[in-house]
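here's my sequence, what's the structure:
(2 chains)
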2 protein chains.
Amino acid sequence: METVSKALSHGGVQGVYRHEAATTRCPMTFAVFVPPQARDGVVPVLWYLSGLTCTHANVMEKGEYRAAAARHGVIIVAPDTSPRGPDVPDEPGNWQFGSGAGFYVDATEAPYAANYRMYSYVTQELPALVAAEFPADMSRQGIFGHSMGGHGALTIALKNPGRYRSCSAFAPIVQPSTADWSRPALEKYLGPDAKAWRAWDACALIEDGHRLPELLVDQGTADSFLDTGLRPWLLREACERAGMPLTLTMREGYDHSYFFISTFMADHIAWHAARLG
Amino acid sequence: METVSKALSHGGVQGVYRHEAATTRCPMTFAVFVPPQARDGVVPVLWYLSGLTCTHANVMEKGEYRAAAARHGVIIVAPDTSPRGPDVPDEPGNWQFGSGAGFYVDATEAPYAANYRMYSYVTQELPALVAAEFPADMSRQGIFGHSMGGHGALTIALKNPGRYRSCSAFAPIVQPSTADWSRPALEKYLGPDAKAWRAWDACALIEDGHRLPELLVDQGTADSFLDTGLRPWLLREACERAGMPLTLTMREGYDHSYFFISTFMADHIAWHAARLG
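Numbering: from 1, shown residues only, chains lettered A, B, ... in the order given. Sure, this is the predicted structure:
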């Protein structure tokens, strides 16, 4: 693991790191904030998964998470959103597929299956590296994310019951298998059989019996992707049918940007911290 | 004035605006955050001046000022750092002069005098526009900034006694007329006579009798520009000789970046708010 940059911030250390990832067969960059409490021992880890077009840097620069993470004593890890590089198949110009759009799945279709394994990267390879390199208590992990990363957080938590003590999302894609901006990507990564997509779709996972103790979701009412891409009411319906507690708050006038995310970031971190102990 | 973008954030509105500036003879872009308290009447205005290479966007994205501004009910205005455009003389590739490096002076030398009038822009044209377009109480203004913008905040406040009720800075250039990265710019903007530079140099202004009731400065000890470009001890010496109260805090391990600025942003805004009433 190579240190790209390190800076003191809010009493902790904000770093950017790079490593050769075996899972995605390319160098991967990620950001880690270590709060001041980690000087005295291991602290909980909160994973933040970013949305379409993002790298590790968007939330690191605009997410305003460090004050709250330092207050509550949690590590924040922000992975990239896809494999990248000259040897990674891509569709340049398509912001909804390929680079910046890994959708946190393990692709099964050629030529994508060799690199687009963001699910395994985020749930296995990167946690092992974080456990080895940072003062992280891996028995206390939470996960959250935004948009495509909200989809990632929901599906990863649902697929790994008991592993994440807390799961929340900002404006998540709750049913990617039917949304315009994600269905074509699932088809290319996973093949034409829509049944295979259900394992990567939060609403379908809940319908198929996966459960979490509770979910926290915030969604802006002025989000331009609300009606076609996000549709949080589908998650509410799935949770109601499953008897799964969901706190979904519609935030009047907020859009899809980091101006929205940063507004509710401290609330989400406090909510996770209460569950991470 | 044209609205470039507007988004709800932390209960207020973060906007970006553009106008044809008469002072600098080019279109100028600036950012304004209006806190929720402005729905009930005018609120104080706090000017943030940015450093070398920045636009209005750096602090807007990385400064983490909105939570504190919304808590205390102050408008934050972030101007650009220079005139820009195809008709504005520049030295492409020189990050310490021209575009992104206006140094908040009114240039007197050709060909720069026609456009590089950031002092008049920030103290006259833009305040008039802000007063006309936003719920701003112009009798309650404060000013702060970072690096070159810290220099701007200090010199602008010193040159306009009584106009700004509060003045603070993050890692300011306190004596630009002798620092390597600013002296060549002053010479090109103001001519070779070093006496003319004193009117744009915080330490020289204090030596020459300008006074403020108090100053707040934070400076990181791991700032790579500390010894050659910033040298806050020169400001401390000038303030001590003048009997001017200065609260200069050296922040152990912090660098020159927005990771440093954002850490102490809320403290500075609270300090200004207490003085803006």
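
the stretch 151-277 of chain A against chain B: which residues are in contact?
A:G220, A:A222, A:G253, A:Y254, A:D255, A:S257, A:Y258, A:F259, A:F260, A:S262, A:T263, A:A266 (C-beta under 8 Å from any C-beta of the partner chain). Any C-beta I mention is one placed from the backbone N, CA and C, and that applies to glycine too.

now do the contacts for the nearest residue to the fourth one once chain neighbours are set aside.
Just to be clear, that refers to A:Y254. Leaving out its chain neighbours, the residue that sits closest to A:Y254 by C-beta to C-beta, 6 or more residues apart in numbering or on different chains is A:G220, at 3.0 Å. By C-beta atoms under 8 Å, 6 or more residues apart in numbering or on different chains, the contact set of A:G220 is A:A171, A:L226, A:M250, A:R251, A:G253, A:Y254, A:D255, A:H256, A:F260, B:L8.

kindly recompute the last result at 6 Å.
Residues near A:G220 by C-beta atoms under 6 Å, 6 or more residues apart in numbering or on different chains: A:R251, A:Y254, A:D255, A:F260.

show me what it is bridged to.
A:R251 (DSSP bridges).

so what's it scoring on pLDDT?
The per-residue pLDDT reported for A:G220 equals 98.

same check on A:R25?
At A:R25 the predicted local confidence, pLDDT, stands at 98.

skipping adjacent residues, who's closest to it in space?
Nearest one to A:R25, counting by C-beta to C-beta, 6+ apart, is A:N115 at 5.3 Å.

count the neighbours of that neighbour for me.
Residues contacting A:N115 under the criterion other C-beta atoms under 10 Å in any protein chain shown number 24.

tell me the secondary structure for the residue lying closest to A:T228 once chain neighbours are set aside?
Spatial nearest neighbour of A:T228, chain neighbours left out: A:D180 (5.7 Å); criterion: C-beta to C-beta, 6+ apart. The three-state label given to A:D180 by DSSP: H, G, I helix; E, B strand; the rest coil is coil.

for A:D180, give its distance to chain B.
A:D180 is 24 Å from chain B, where distance means C-beta to the nearest C-beta, to the nearest Å.

put the alpha carbons of the host helix or strand of A:A169 into CSV.
Here A:A169 sits within strand A:164-170, counting by DSSP states H and E. Output in CSV follows, covering the C-alpha atoms of strand A:164-170 (Å, rounded to 0.1, in the frame of the first residue of the first chain):
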residue,chain,number,x,y,z
TYR,A,164,-22.5,-4.4,9.3
ARG,A,165,-24.1,-3.2,12.5
SER,A,166,-25.6,-0.2,10.7
CYS,A,167,-26.7,0.8,7.2
SER,A,168,-27.9,4.1,5.8
ALA,A,169,-28.1,5.9,2.5
PHE,A,170,-28.5,9.3,0.9
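
CA-only coordinates of stretch A:182-196 in PDB, if you can.
Taking C-alpha atoms only, stretch A:182-196 is exported to PDB below (Å, rounded to 0.1, in the frame of the first residue of the first chain):
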ATOM      1  CA  SER A 182     -28.800   1.200 -14.000                       C
ATOM      2  CA  ARG A 183     -30.600  -1.600 -15.900                       C
ATOM      3  CA  PRO A 184     -28.300  -1.500 -19.000                       C
ATOM      4  CA  ALA A 185     -25.300  -1.700 -16.700                       C
ATOM      5  CA  LEU A 186     -26.600  -4.700 -14.800                       C
ATOM      6  CA  GLU A 187     -27.400  -6.400 -18.200                       C
ATOM      7  CA  LYS A 188     -23.800  -5.800 -19.400                       C
ATOM      8  CA  TYR A 189     -22.200  -6.800 -16.100                       C
ATOM      9  CA  LEU A 190     -24.500  -9.800 -15.300                       C
ATOM     10  CA  GLY A 191     -25.900 -10.900 -18.600                       C
ATOM     11  CA  PRO A 192     -29.500 -10.800 -20.000                       C
ATOM     12  CA  ASP A 193     -31.200 -13.000 -17.500                       C
ATOM     13  CA  ALA A 194     -33.000 -10.600 -15.200                       C
ATOM     14  CA  LYS A 195     -33.200 -13.200 -12.500                       C
ATOM     15  CA  ALA A 196     -29.400 -12.800 -12.000                       C
END
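
give the buried residues for that stretch.
Across stretch A:182-196, burial judged by 16 or more other C-beta atoms under 10 Å in any protein chain shown covers A:S182, A:R183, A:A185, A:L186, A:E187, A:K188, A:Y189, A:L190, A:A196.

rounded mean pLDDT for that stretch, please.
Stretch A:182-196 shows a mean pLDDT of 97 in the predicted model.
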